[in-house]
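# My questions concern the predicted model and sequence given below.
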Amino acid sequence: MSVEGSRVTDRHFRYIEERTTPEDAFLRDLRESAVREGIPAISIGPAQGAFLQILLQLRGARDVVEVGTLAGYSAIWMARALPAGGKVRTIEFNPRHAAFASRWAARSDVADRVEVHVGRGIDVLRTFADASADAAFLDADKASYPLYLEESLRVLRPHGLVMVDNAFAFGQLFDERPTDREAPAVQAFNEVMARESRVLSVIVPLGDGVWVGVKRD
Ligand code: DHB
Ligand code: MG
């Protein structure tokens, strides 16, 4: 099938963003408040949030694990896709960011569905039981992505969803000398994912690129 003429351009990205179900006022306030408190403005975009929700709903997910809470923006997007009794266990290394996220999650419509864990991603993941999650979203320090993936595959149930942010390395995927110090780690992780036979996976060009995979068994 030819895709000539269907290459995704910046114009397509804008077109998608303009037609995707937008964030609500609460999430907009959260983002603006995070900026005022000096938290880096590097959350997922609304199109990614809507996409994660769709995936979680299709999967019928109840239990989600996230590595890299930041301000809690993506955790709230995901928690809204879960049924009553569902839970996002989200892990944040920075105590100040974790406190912000906890405060906003507690004020949200999904206060009962977000649980913020403070600590190193890998340390906290290791405390989670085998086969206790339906989905994992990795969006933390990129050098640790291979470790997070390995541990997530233990924590995920069969046919669990693996979602990983920043497959396009902050737009520097093809740069020979990327300025972002984490870009080489993303490039290396993408090769790990590409060779990972336990996961059926694809990179979806939304936001900075998001890996979506399904654990095979
Ligand atoms: C950046 C963006 C991200 O989504 C992330 O997880 C980390 C860093 C950035 O733009 O620097
Ligand atoms: Mg990210």
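That came through fine. Ligands and ions are numbered 1, 2, ... in the order given.

# CA atoms for contacts and neighbours, from now on please.
OK.

# Centre of the chain to the longest strand along the chain, how far?
Secondary structure of the chain per DSSP state E: the longest strand is strand 156-165. Relative to the chain's own centre, strand 156-165 is displaced by 11 Å; criterion: C-alpha atoms, centre = their mean, to the nearest Å.

# Kindly report the same for stretch 152-167.
Centre-to-centre, stretch 152-167 and its host chain are 10 Å apart (C-alpha atoms, centre = their mean).

# Secondary structure class of the residue sitting nearest the centre point of the chain, three-state.
Per C-alpha atoms, centre = their mean, the C-alpha nearest to the average position across the chain is that of residue 137, at 4.0 Å. Look at residue 137: counting by DSSP: H, G, I helix; E, B strand; the rest coil, its state is strand.

# Next, the contact list for it, please.
If you count contacts by C-alpha atoms under 8 Å, 6 or more residues apart in numbering, residue 137 has them with 64-67, 162-165.

# mind running it again at 7 Å?
65-67, 162-164 (C-alpha atoms under 7 Å, 6 or more residues apart in numbering).

# could you pull out the strands for the protein?
63-67, 87-92, 114-118, 133-138, 156-165, 199-204, 210-215.

# quick one: is the first one near ligand 1?
No - contact check for strand 63-67 against ligand 1, using C-alpha under 6 Å from any ligand atom: none in range, with a minimum separation of 10.1 Å.

# you'd agree residue 86 is up against residue 114?
No - in this structure, residue 86 is not within contact of residue 114 by C-alpha atoms under 7 Å, at 8.7 Å.

# More neighbours: those two, which one.
Taking other C-alpha atoms under 10 Å, residue 86 and residue 114 do not tie; residue 114 has more neighbours (24 against 18).

# Okay, the nearest residue to residue 143 once chain neighbours are set aside and ligand 1: tell me how far apart.
Excluding its sequence neighbours, the residue lying closest to residue 143 (C-alpha to C-alpha, 6 or more residues apart in numbering) is residue 185, at 5.0 Å. Separation of residue 185 from ligand 1 (C-alpha to the nearest ligand atom, to the nearest Å) stands at 12 Å.
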